[in-house]
Each structure stands twice: as structure tokens, then as C-alpha cells.
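S.K.: A predicted structure for the sequence below; I have some questions about it.
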Protein chains: 4
Amino acid sequence: MFYLKQISESVLKEVIKKRPSVSHKGDYGRILIIGGNENMGGAAIMSASAAVYSGAGLVTCASAPENRSALHARLPEAMFLDYHDFSQIITVIKSADVIVVGPGLGLSQHTNKLFALIFTHIRQQTTLIIDGSAITALAQEPKLLKTIPNCPIIYTPHQAEWQRLSGIEIAAQTPQVNQSIQQKLGATVILKKHHTEIYHADNSSSKIMIGGPYMATGGMGDTLTGIIAAFIGQFKASSAADVLDAAVYLHSLIPTKLSHEKYVVLPSDIISSLPQVMHNYLV
Amino acid sequence: MFYLKQISESVLKEVIKKRPSVSHKGDYGRILIIGGNENMGGAAIMSASAAVYSGAGLVTCASAPENRSALHARLPEAMFLDYHDFSQIITVIKSADVIVVGPGLGLSQHTNKLFALIFTHIRQQTTLIIDGSAITALAQEPKLLKTIPNCPIIYTPHQAEWQRLSGIEIAAQTPQVNQSIQQKLGATVILKKHHTEIYHADNSSSKIMIGGPYMATGGMGDTLTGIIAAFIGQFKASSAADVLDAAVYLHSLIPTKLSHEKYVVLPSDIISSLPQVMHNYLV
Amino acid sequence: MFYLKQISESVLKEVIKKRPSVSHKGDYGRILIIGGNENMGGAAIMSASAAVYSGAGLVTCASAPENRSALHARLPEAMFLDYHDFSQIITVIKSADVIVVGPGLGLSQHTNKLFALIFTHIRQQTTLIIDGSAITALAQEPKLLKTIPNCPIIYTPHQAEWQRLSGIEIAAQTPQVNQSIQQKLGATVILKKHHTEIYHADNSSSKIMIGGPYMATGGMGDTLTGIIAAFIGQFKASSAADVLDAAVYLHSLIPTKLSHEKYVVLPSDIISSLPQVMHNYLV
Amino acid sequence: MFYLKQISESVLKEVIKKRPSVSHKGDYGRILIIGGNENMGGAAIMSASAAVYSGAGLVTCASAPENRSALHARLPEAMFLDYHDFSQIITVIKSADVIVVGPGLGLSQHTNKLFALIFTHIRQQTTLIIDGSAITALAQEPKLLKTIPNCPIIYTPHQAEWQRLSGIEIAAQTPQVNQSIQQKLGATVILKKHHTEIYHADNSSSKIMIGGPYMATGGMGDTLTGIIAAFIGQFKASSAADVLDAAVYLHSLIPTKLSHEKYVVLPSDIISSLPQVMHNYLV
């Protein structure tokens, strides 16, 4: 039978390391979040906030210009780019260590243009996280899929998005089938569901046994992308699989704990708890 | 003599249920808040915030474009729609489980157009909550009243608004008279006053014996609409009357408790307390 | 010798009353804050926030349109008016219980136009609080001074502003001289300084012996105007002199207490403490 | 061997003084922050916030107009100037006690114009702090460097910026070499690195032995500029060297303490802790 490793809390101790004394923000990841159209700016803000609060060195958010004020009002630590300013976006794509595309981006011609920009200019060593509507956009444009670059790719679909990308009906999304498609894609797949499953690029797979329905609220997935991006940007001593396992575990661990005193746990609660909770796992 | 059931705290235990482990945000209500003209954006923000903090799955706020930045700066968890963008609003109306119209909307031609949009496109199973100036707008436009759709309707007037809608002078607003008009309207009426009264669609009626003058501040009613919307979106196992009783009770219970340490209790205080207080009623 | 009564903490117990159970926001004052040009929006926001947090029933802030987003992001409880929209401002002037003019308004032709608007439309029973640059504007336009309306007027100058309005050099601002000018003005004067002095309309005078240099930061005076406005709007059972004494005392009492743990006390700190501290004086 | 004095905690007790009872905001520094282009407004907001929270009397932020809303939403205590409005900026330059130029300003023609404005209108007694991209801008424009005014100047480069300004490769940045260039510049140099070094205008030099990699996040340097500006504006009884030592020490002391419970310490955390931590050093 197909076996998904159950991620345990110990992965947090293995991955979250005491930082070397002599280091600087460039060592902890240059993250570019591309998301937030004129209606869904909050998604990009939550992704960028999660990245900053989980320790990313430098975070830039490329979004609709309408979202600039709210981003800076909540998160002055991040930089902003108008997502129509292709020349500046190209510059940041070229120097980013991790790029997240999708939170609150929506489906539009502009989304496809941003994909083309990323696919053309991303470096081979940069990790690309593809989330939310960006997954649907890719699934709908086979031409785009063909131009996917050679860098590490992580998809973070929920089950309906995974169906669109993989062609597998939700009922048929068994680990074995999921992994076979993931291997064809040559990417990592984080399948968000009750007990989220991760199909790693190294062909291992894992799942979390924590999290719960107090997390069933808008913005949860956006928050996950920011944590993943920050973890990849920082924790280079661990394997890619361990880093992802830790990020996904942490994202559900915080609301699991907070749910002992809150009926629902909002993304904003998770974000503000990140620095304290991460500290607990320093050995 | 006419008897209004006194709502007791126990209704919170009956209505607020532990969520099933396997569930997702779509199970907890798609809420659309239509409110906030260019002067009263705060009202829509408070309504949307109350909905998110009391556990709604997905909240969209259709408002004047001037209110986008403040909404996202306070509440990145919600989505935004420019309330002039009828085509997008229609899409969201068609998929909403609960629609709130009124908080900070004001009286204008645009308000009437939004009503026409809602009345045309709302689904039969969607609950429509009509609040504040939207009640006055309806009362002033008998033509609109005639096109009211067949879905469950909840009015949340204060006494002067109830007078406009019902034609009953405040002094004459006895339970018996209130209920007779409510039955003609074929809707639920939540009459906001000292000891708020609820005239349910099933012809039962109830009132709260808590709350107080520390709540006499702008935004209280807007906050109530958000809690009601989230409760209807989530708690489908209880009767409509119990769900409303619980929402109205909770909205006054929180400031009643906070008033032991605060001279006035602001809507923002109530909103941020919702997840903790709701947790207390989980059995 | 001229005697200024030292205000004591007991005035807070006398003025801050338990609210009657059956009452509504209209009973606690309709406050209009006119302030905040395109550079000094924060001043109007602090004034409006102080009014809301000290219990005002309904607060509207008329300001440069650039300040709308920040106001709602900090204080959704307040309504906004574009201060170029004279027709709407007139409506609100006519129904206001207290009007504050000045915080962050600056000196300009527009300031003078707003004065003309207020002077023409304010009701006799409405209290007008004139603060900051609005005092200087009046002092510079004797024509304006001549059209001052018959309603209760409160000036809240610091010493340099008082010199401009009264013609008295700071060194010569003795209580006796101050009072003689105050009586000519037929207004209340709150002279902000180390141990702020109040020259009441009833010819009594008082001063506070608390407060300190931890309050020497931008926005302190703006915050005071909001507290005064809210107190006048709410506490109608006490004499005008007691109400002002209480407002001025409270505004310095909070930072005096907070200074035991903070090197400087910001207006935002004072504002957020208001509901708790006011509660302490309920008998 | 070249000796850099190790700054000890005691300098905080020496510099942070109880304020005289009779004093006003004008005594605690008029600070002008010039920074924040349309992409990096957060930097200017953090600098201004740090200045306000560490006790500056009056803070004005000249920035791209896109940053006004976010500034006021986070920090109503500060005033705003559109950094294209040269006439108003000149007025504020002429009355400022401390000017910070650079946080989030970026390299552009506009940056150079702002420099020309400052250099022409700054008073001899005003301290000019040159940070971030403004250092690079100067380094790239030898013409600008020649017009540097006669007032006290403080550069706050990180090592790469110092290389650009001084011409010294990072590996060759020994204290002796650093000081020789600093003396040629006739300015103070705060070289930000692991154990930040200060080369004072009086030819003394010092360094901190605290701080750590939990500070490796965007906005740290911007926050430092605000603290330095506020300290210079307030603490006139101590030597310039002691004041700078204290500001730099405090900026690293707070995150050093907070790092016992947080994996990363964000600029926003440092800023909000300033009033309490400064209070601890009052004798």
C-alpha cells in the first residue's frame, strides 16, 4: 500500500536553526510575491506578511497599485511593486530566491502575461510557488504549461484546483494517482485538504495529521505560501522535503494550538504568532 | 398577553457547534456585504469584520472604491468589489449564501440600483439582511417593496427605521402590532432597541434582556449584521429562530461583559473578542 | 490675589455618570470634527479617535479627501466628509451638538471658507471648539472674528496661539490678564501649558496640577479636543465648567499614569486607554 | 592597535534624561524624514515611527504621495509632505533640527533634486543623517558630494554602501582605514554590520557587542535612523558621541532582549517597545 510519511513536530526542530551570528538579510531569502488584483489585495498582503513574520530577509509584493496603501499600513517591512511595471518586476524576478505567484491574482490576461514574465526571467536556482488562481490559469492554458521553466516548482492546490491541473476527479485523488501525476509534472505538489498531503520532488511523500475546521476561512492558503517561501529562503541546510514538511506543519500547528481558545483562527492570528512559535523550536 | 420569549445564554451552546473535522470554507457561508458609500465606509468594514471574526467562510465587501484600502488594511481576510461594477456583483450575488445590504450605504439612486440588482439575481435559498439606510430606501420606494424576492428576508431596523417601514409610530410599537406588520411583510424583523426584539418568520418572537448604554455608539448595528450573516452561513443544524436568537444575544453579551471594565464598548472591541467568546460555548 | 481652582481627581467621579439604561447614541452627542488638510490628516484622526473612545455617540470627520482611507483604517466607527463638499457639511453642522474646528487644518483660504460656513449654520445650542491653526486663522482675520456666532465657544490655544488671539505676550499671560481678555471674547479659554489653565464662560477659572513632559509630542492637543467634544456631548447633568475640568484633567491623568512605565506617552496610547480609565470613575 | 570602545548599557542611563517639567514639544526636536518612493514607503514609515516612539517632539515625513494614507493609518502623530512640493519642503528643511534622508528613497533624478534642496537650505546647526540609497546616490554623484553643507553629517551605511562611499572593499574595511576616510569626509560614520561600528566626528570610535541575526530583516536600518534622529533632537546635554552610542545601542538592545522569545524581531516590534525600554533607563 502507498505510504505517506506522517510529519511529526520534530521536523520543526530539525529545520528551524539558530542563525549564524554573522549573517545579513540577504542570507534569509529575497522573496517576491506576485498576487492581489484590484479585488483580492488582502491575499497578497497575507502571503507577504506570513513571509516577513516567519523570517524572510527581504519581501517584495507585486500587486495592483490599489493595494499599495493597505500593504504598507499593515506591513511596512515589505516593498511594493505595481504589477503593471514589467521592467521593475523583471529586475526583481532575476534576483529573487523564491517567487510566489497566485494569491489573489485572479484569472485574466494580465495573469498570463505575468506568467510569461516569470517563465522567461526566473533563474534556475529560484523556487517558484504556484498557488490559487494561478494554478487554474496554468491548467487552462496548455501553452503556458509547455513553457514552464526548469527551476524547482511547487504547486499548492486545494482539491478542486488539483483536479483542474491533474485531470483527476476529487474522488479519484488517491496518493498513488496523485504521485504519478506529480512525477509527470516534475514538481512538488502540496495538496491542501483535511490532512494536507505533500508529494515531494524527490518522490517521497508526507502528510500532516494536525489542523482542523477552525482554519476554514479565506486567506489560509495565502498565508501558507508566505511561510513556505520564507522557509525555503532561510533554511538551506535541510533537505527540500524537510523544509516543506516543516512549513506545512507549522502553518497548521499554530491554529491547532490557538483553537483551544478560539472558535476560528484567522490568518492574521497565525501570522502574528509565527516569531514566538518558531522560537520554541530552536534547540 | 403577548409573550416574547426571553433569550437565554443557553442558546449559544445549542447553536455554536463543533465543526466537523472534514469541512472547508465553502461550508461556512459565502457572505456578501453591500454597503459603505464614500462617506460611511467604516460601516461596511465593521460588518465585514464581524462576519470574518465570527467564523464566516468567505466574505466579500461591495463598496465605494474609496473604501478598498481601509478594508484591506483592517481585514485582509475579506475580498473587495467596487459597488459600481454590476457585472461582478451579479456573479457574487448568485453564489452568496447570505447577503447584507445597507451598512453605511446611504440613500441614493445607486442604492436603489443595487436593490434592483439583488432582487433580480438573488437565489431563493439565500438569506437577505436589510439594514440601516437600506430599510429607509425601501420604505420610501413602494415600487421596490413590490419586487422583493421570495428568499428569506431579515430586517434589522432601529425604532425610527421600523416606523418608516411599518408605518407604526414608535410609541405604538407594541409586540402585537409589530408582529402583525412583520407577518404582512413575510419577513423576520429584528427591532433594535433597549432589549432588542425579534419577530421570527415562523411567527415566534423573542427578546434579549442584556446589553446596555455602553453600546450606544456608531457602528453597533453594522457589527450585528455581520454576526447574523456569519451565523446563518455556518449554523445550519439549528432552526432559523435559534440561530438569530444566538447571534443577537452574542452581540450584546460581549459588550455586557466588557462593560465591567470599559465605560463604552466599541464595535472594534466586540469584533476582536468574537473568536474567544464563541469558543466558550463549544460543548 | 487671583485664584485658579486646582482641579482634583474627584471631578471625574462627579462628571462621568452611569448612563441611563434606556438611551441611544443620539443621547451621547453628535460630534463634527473639521480638520486635517492634505498634510496633517493625523491630527483630525486623533481628534476623532479621542471623541469615539471617550464615548461620543456619533462622530463625523470633515477633512481633505486624502485622509479618508487612514481615518477608516484606524477608526471605522467614524463617518467621513470631504471638506470641499459644502452642502453635506452644512447638513452636519446644522445637526451637530459639538463642532471642533482646527486640528491639522492649516492656514488657507479654505480654512476661512469653512469658518464662514460654520458661523452661518451653527445652531445656538451647539458648542464650537476652536483649536490650533484655526485660532491663528481667526486672529489674522478680524472680519471673521466679528461674525463669530452666539453659541458657546471654547478656544484651546497654547501660549503662542493665545498671544496671537489675545495680543498678550507670553510673559504677560497672567491669570488676571488672561481672564480679562477671555471675558471680552465671551468664550471659554483653555490655555494649554505646563499646568493648563481654564477660563470658564461663567467667570470661574481652574487649572490642573498633573501632566508632564512625557506629553510633549505632536497630536496631544488634537487628542484633547476630541475628549472635550465627547464630554460636552455626553455629560449634560454637570455644569459646563465641571465638564471641561473633567475632560482636561482626564487628558493629562492618563499619560501621568502611563509615564510610570513609558518614557513618552503618545496620543494613540491615551486614546486606547480612555474606555478603561473612564470606567474607574463610575460610582 | 586601533581601539574601538565597546559601548555598554550604562550609556543609556547617561543619555536618557528625565525631562524638565516645564518644556514643550519644540524642545524635543523637529525631525524631517525624507524618504519613501512609490515602492518603498514602508521604509519612511518605519523611520518616522521610530522617531515618534523614541520621543521626538515633531516629526514630518516627506515622501511620495502614494505613502500618505499608510503613514497616517499607522502613525497619526506624524505630519506628511508630498516630496514633490519643494516649496513646503524648503520651509520644513529650514526649521528642522534633524533631517534624515534616504530610507526607501531609491536612486533617481528626484533623489538628487532633494539632495540639492537639502544642501541649499539646511541650517548649520541642523544634523543631516544620510542613509541607504541616499548614500549610494551621493557616491555616484561626485558633484553632489562637493556641495555637501557644513552642518553635522552622519552616514549610516552597511558595508556595501560604505564601499561605494569610501572606495574601501569590504574585506579591507578595518577600523583604521575606516576612520581615515571618515576623517576625510569630516562626518560621523555608523557602519552597520555584525557589531556595528561608529566613527565619531570627534575622532573617537566605538562599537556595540550586542544585536544578532534575528535582526536580519528589511527595515532594520530605517528604524535606526529614526531613533538616532529622535535622540539628537532630544538629548542635548550629552556629547554627540554619547548620544549616538546610546541610540545605536538601544536599537540593538531591544531585539536582543526580544529574541529570547521570538525567532525574528521585526522593526515594528522594536518601535512599539521603545517607550517602555527607554523608561527603564531613567535614573
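M.R.: It's in. Numbers count the residues shown, from 1 in each chain, chains lettered A, B, ... in the order given.

S.K.: C-alpha only now, for contacts and for neighbours.
M.R.: OK.

S.K.: up against chain D, what does chain A have?
M.R.: Within reach of chain D by C-alpha under 8 Å from any C-alpha of the partner chain, chain A has these residues: A:19-25, A:28, A:52-59, A:68-70, A:72-82, A:275-280.

S.K.: now with 6 Å, please.
M.R.: Contact residues, chain A versus chain D (C-alpha under 6 Å from any C-alpha of the partner chain): A:21-22, A:24-25, A:55, A:57-58, A:69, A:72-73, A:76-77, A:79-81, A:275-276, A:278-279.

S.K.: are any of those residues buried, and which?
M.R.: A:24-25, A:55, A:57-58, A:69, A:72-73, A:76-77, A:79-81, A:275-276, A:278-279 (16 or more other C-alpha atoms under 10 Å in any protein chain shown).

S.K.: the helices in the stretch 1-150 of chain A, which residues?
M.R.: A:10-15, A:41-53, A:68-74, A:86-95, A:109-121, A:133-140, A:142-146 (DSSP state H, counting those that start in this stretch).

S.K.: so which of those helices is nearest C:A139?
M.R.: Closest to C:A139 of the helices of the stretch 1-150 of chain A is helix A:68-74 (C-alpha to C-alpha; 37.4 Å).

S.K.: near chain C at all, the closest one?
M.R.: No. Figure legend: helix A:68-74 not in contact with chain C (C-alpha under 6 Å from any C-alpha); closest approach 8.5 Å.

S.K.: pLDDT (mean, whole number) over that helix?
M.R.: Helix A:68-74 carries an average pLDDT of 98.

S.K.: and that helix, what does it pack onto?
M.R.: Under the contact criterion of 3 or more C-alpha pairs under 6 Å, 6 or more residues apart in numbering or on different chains; DSSP states H and E, helix A:68-74 touches helix B:68-74, helix D:68-74.

S.K.: how about CSV for these, with distance to A:I270 added?
M.R.: Shown next, in CSV, are the helices and strands packed on helix A:68-74 (distance: least, C-alpha to C-alpha, whole Å):
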stretch, distance to A:I270
helix B:68-74, 16
helix D:68-74, 21
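
S.K.: nearest to B:T256, of those?
M.R.: Of all the helices and strands packed on helix A:68-74, helix B:68-74 sits nearest to B:T256, with 24.6 Å by C-alpha to C-alpha.

S.K.: so what's the nearest residue to A:L258 once chain neighbours are set aside up against?
M.R.: Nearest non-adjacent residue to A:L258, counting by C-alpha to C-alpha, 6 or more residues apart in numbering or on different chains: A:V265, 6.7 Å away. Contact analysis of A:V265 by C-alpha atoms under 6 Å, 6 or more residues apart in numbering or on different chains lists A:Y214, A:M215, A:P255.

S.K.: grab the nearest non-local neighbour of the second one.
M.R.: This points to A:M215. Nearest residue to A:M215, sequence neighbours excluded (C-alpha to C-alpha, 6+ apart): A:V265, at 5.8 Å.

S.K.: now the spatially most central residue of chain A: which helix or strand?
M.R.: With distances taken as C-alpha atoms, centre = their mean, A:T225 lies nearest the centre of chain A, 2.0 Å away. Using DSSP states H and E, A:T225 sits within helix A:220-234.

S.K.: check whether that helix comes near chain B.
M.R.: No. Taking C-alpha under 6 Å from any C-alpha as the criterion, helix A:220-234 and chain B are apart, separated by no less than 8.7 Å.

S.K.: next, the buried residues of that helix.
M.R.: Result for helix A:220-234 [16+ other C-alpha under 10 Å]: buried residues A:220-234.

S.K.: and if you look at stretch A:96-108?
M.R.: In terms of neighbour count (16+ other C-alpha under 10 Å), stretch A:96-108 has its buried residues at A:A96, A:D97, A:V98, A:I99, A:V100, A:V101, A:G102, A:P103, A:G104, A:L105, A:G106, A:L107.

S.K.: do you know the pLDDT at the residue of the stretch 101-250 of chain A found nearest chain C?
M.R.: Nearest residue of the stretch 101-250 of chain A to chain C (C-alpha to the nearest C-alpha) works out as A:G219 at 19.3 Å. With respect to pLDDT, A:G219 has a value of 97.

S.K.: what of A:M1?
M.R.: 65.

S.K.: now swap in A:H24 and tell me
M.R.: The confidence metric pLDDT takes the value 89 at A:H24.

S.K.: repeat for A:V189
M.R.: pLDDT for A:V189: 98.

S.K.: part of a helix, is it?
M.R.: No. Going by DSSP: H, G, I helix; E, B strand; the rest coil, the assignment for A:V189 is strand, not a helix.

S.K.: what's the closest non-adjacent residue to the residue of the stretch 1-150 of chain A found nearest chain B?
M.R.: The minimum distance from the stretch 1-150 of chain A to chain B, using C-alpha to the nearest C-alpha, falls at A:G42 (3.8 Å). Residue nearest to A:G42 in three dimensions, not counting chain neighbours: B:P76, with 3.8 Å by C-alpha to C-alpha, 6+ apart.

S.K.: cool, A:A64 as well?
M.R.: Using C-alpha to C-alpha, 6+ apart, the closest residue to A:A64 is A:N37 (5.1 Å).

S.K.: what distance do you get for the residue nearest to A:G42 to chain C?
M.R.: Distance, B:P76 to chain C, using C-alpha to the nearest C-alpha, to the nearest Å: 12 Å.

S.K.: ok, A:Q6 next?
M.R.: Taken as C-alpha to the nearest C-alpha, the span from A:Q6 to chain C is 42 Å.

S.K.: tell me how many other residues crowd that residue.
M.R.: Using other C-alpha atoms under 10 Å in any protein chain shown, A:Q6 has 15 neighbouring residues.

S.K.: name whatever forms a beta bridge with it.
M.R.: Counting by DSSP bridges, A:Q6 is bridged to A:K207.

S.K.: tell me the pLDDT at the closest residue in space to the residue nearest to the centre of chain A that isn't next to it in sequence?
M.R.: Leaving out its chain neighbours, the residue that sits closest to A:T225 by C-alpha to C-alpha, 6+ apart is A:S47, at 6.0 Å. For A:S47, the pLDDT comes out at 98.

S.K.: need the contact list for A:S47.
M.R.: A:D222, A:T223, A:T225, A:G226.

S.K.: how near is it to D:Q173?
M.R.: A:S47 is 38 Å from D:Q173, where distance means C-alpha to C-alpha, to the nearest Å.

S.K.: what residues does the stretch 151-283 of chain A put near chain B?
M.R.: Residues of the stretch 151-283 of chain A that fall close to chain B, judged by C-alpha under 6 Å from any C-alpha: A:H194, A:G212, A:P213, A:A216, A:T217, A:G218, A:G219, A:E261, A:K262, A:Y263, A:V264.

S.K.: quick one on the thing from earlier: quick check, the residue nearest to A:M215 in a helix?
M.R.: No. A:V265: not assigned to a helix; according to three-state DSSP it is coil.

S.K.: low-scoring pLDDT stretches of the stretch 101-250 of chain A, where are they?
M.R.: For the stretch 101-250 of chain A, not a single residue meets the criterion pLDDT under 70.

S.K.: near the closest residue in space to A:P157 that isn't next to it in sequence, how many residues? Count them for me, please.
M.R.: Distances taken as C-alpha to C-alpha, 6+ apart place A:L191 nearest to A:P157, at 5.4 Å, with adjacent residues excluded. A count of nearby residues for A:L191, using other C-alpha under 10 Å, gives 22.
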